[in-house]
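S.K.: Kindly generate the corresponding structure for this input.
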Amino acid sequence: FSEEAIARAKATYGHLPDLTFIKGDAFHLPPSMDQAFDIVFEHTLYCAISPDRRNELVRAWRRALVETGHVMGVFFAFDKPAGPPFGGSEWEIRARLLKTFRSLYWQRLKNSTEARLGIELFVYAQKRSAL
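M.R.: Reported below is the predicted structural model:
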């Protein structure tokens, strides 16, 4: 989505073998990415999009993941109706994810930076079988 993010990622991680950087839209993944990934790592996309599109994002993760795939993410759980970043309660995050993912680990981070302490939620979950 962001040329700057791609440039920064390449500068930091470009030396790693078999790593590809793609500028794209998470809501419009090409068919070649259907069931192509073992894990989706979420960090700040969920809070950056309007809450009315979050179910769409969760569906995109499911589509991209293999049948036994996982989602791992750091979510912001705080009240902030305007954004981005948009807030969301831990209950809201749980309600969206656990319809289609099985929670394996769910914990507030205890080692966040001071500014984020208490609002970062770490989630590790496995895709449920086809519904």
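S.K.: next SSE after the longest strand anywhere in the chain?
M.R.: Ranked by residue count under DSSP state E, the longest strand found in the chain is strand 65-76. Later in the chain than strand 65-76, the nearest helix or strand by DSSP states H and E is helix 90-97.
S.K.: The helix or strand just after that next one packs against which elements?
M.R.: Moving toward the C-terminus from helix 90-97, the next helix or strand (DSSP H and E) is strand 101-108. In terms of contacts (3 or more Cβ pairs under 8 Å, 6 or more residues apart in numbering; DSSP states H and E), strand 101-108 is packed against helix 90-97, strand 120-127. Backbone N, C-alpha and C define where each C-beta goes, glycine included.
S.K.: Just give the closest residue to the residue nearest the centre of the chain, not the sequence neighbours.
M.R.: Nearest to the geometric centre of the chain sits residue 42, at 2.3 Å (Cα atoms, centre = their mean). Nearest non-adjacent residue to residue 42, counting by Cβ to Cβ, 6 or more residues apart in numbering: residue 73, 3.0 Å away.
S.K.: How about that neighbour: which residues does it bridge to?
M.R.: residue 42, residue 123 (DSSP bridges).
S.K.: who's in contact with it?
M.R.: Neighbour list for residue 73: 40, 41, 42, 43, 46, 122, 123 [criterion: Cβ atoms under 8 Å, 6 or more residues apart in numbering].
S.K.: just these now: which is nearest residue 53?
M.R.: Among the contacts of residue 73, residue 46 lies closest to residue 53 (Cβ to Cβ), at 9.8 Å.
S.K.: what's the burial count for the nearest residue to the closest one once chain neighbours are set aside?
M.R.: Distances taken as Cβ to Cβ, 6+ apart place residue 75 nearest to residue 46, at 5.8 Å, with adjacent residues excluded. Close neighbours of residue 75, defined as other Cβ atoms under 10 Å, add up to 22.
S.K.: What pLDDT does the model give the residue nearest to residue 42?
M.R.: Note on residue 73: pLDDT of 95.
S.K.: Can you give me the buried ones in the longest strand of the chain?
M.R.: Counting neighbours by 16 or more other Cβ atoms under 10 Å, one finds that the buried residues in strand 65-76 are 65, 69, 70, 71, 73, 74, 75, 76.
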